[in-house]
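S.K.: predicted model and sequence below, questions to follow.
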Amino acid sequence: MSLKIAINISNDRKKLTQDEELSIVKECVDQSKYNNLIKQYTNLIIYIISNTLEKENVTFDEELVEKLLIETLHKLLKDNAKLLAVYYKHKNSGMPLSIWIALVTQNIVKSSIHKANALKLVFNDKS
């Protein structure tokens, strides 16, 4: 599946050091600057979304992946990047930011799948 999501992402991303990751998180939390995070991690989020949907045997298209990408970015960045602040608070755990973002993304996708399944059950029961 090839995604053509209209987001300006450069392909010259490199593996970041922990200090570089923490700098990106600090920008988000302290200064509400999100561009570096989005640029660095959007492809990872798309990959995790697609991979999780495949593992859960969910049929999906580009539109669903894009909606889940937007939902994930929204949840990561809302309330002054509260989720990222939690990561920053535990920065000495040694967990890379990419793993944290992957776990958050997986949880969001699985939650969305469960909500969709619950809605199907509710609407099927009413029929």
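M.R.: Noted; the coordinates are in hand.

S.K.: next, count neighbours for Phe60.
M.R.: When neighbours are defined as other Cβ atoms under 10 Å, Phe60 has 17 of them. (C-beta placed from N, C-alpha, C; glycine too.)

S.K.: which residue packs closest to it, ignoring adjacent ones?
M.R.: Spatially, and ignoring its direct neighbours in sequence, Phe60 is nearest to Leu53 (4.6 Å; Cβ to Cβ, 6 or more residues apart in numbering).

S.K.: list the buried residues of whatever helix or strand Leu76 lives in.
M.R.: Using DSSP states H and E, Leu76 falls within helix 62-89. Going by neighbour count (16 or more other Cβ atoms under 10 Å), the buried part of helix 62-89 is 64-66, 68-69, 71-73, 75-77, 81, 83-84, 87-88.

S.K.: surely the residue nearest to Phe60 meets Val109?
M.R.: Yes. Counting by Cβ atoms under 8 Å, Val109 is a contact partner of Leu53 at 6.5 Å.

S.K.: distance check, Gln106 against Lys89.
M.R.: In this view, Gln106 and Lys89 are 21 Å apart by Cβ to Cβ, to the nearest Å.

S.K.: so where's the protein shaky on pLDDT?
M.R.: For the chain, the stretches flagged by pLDDT under 70 are 1-13, 121-127.

S.K.: do me a favour and get the end-to-end distance for stretch 53-60?
M.R.: 7 Å (Cα to Cα, to the nearest Å).

S.K.: sorry, slip of the keys, the one I care about is stretch 90-104.
M.R.: Using Cα to Cα, first and last residues of stretch 90-104 are 15 Å apart.

S.K.: how about it, which residues are buried there?
M.R.: Neighbour-count burial for stretch 90-104 [16+ other Cβ under 10 Å]: Leu97, Ser98, Trp100, Ile101, Ala102, Val104.
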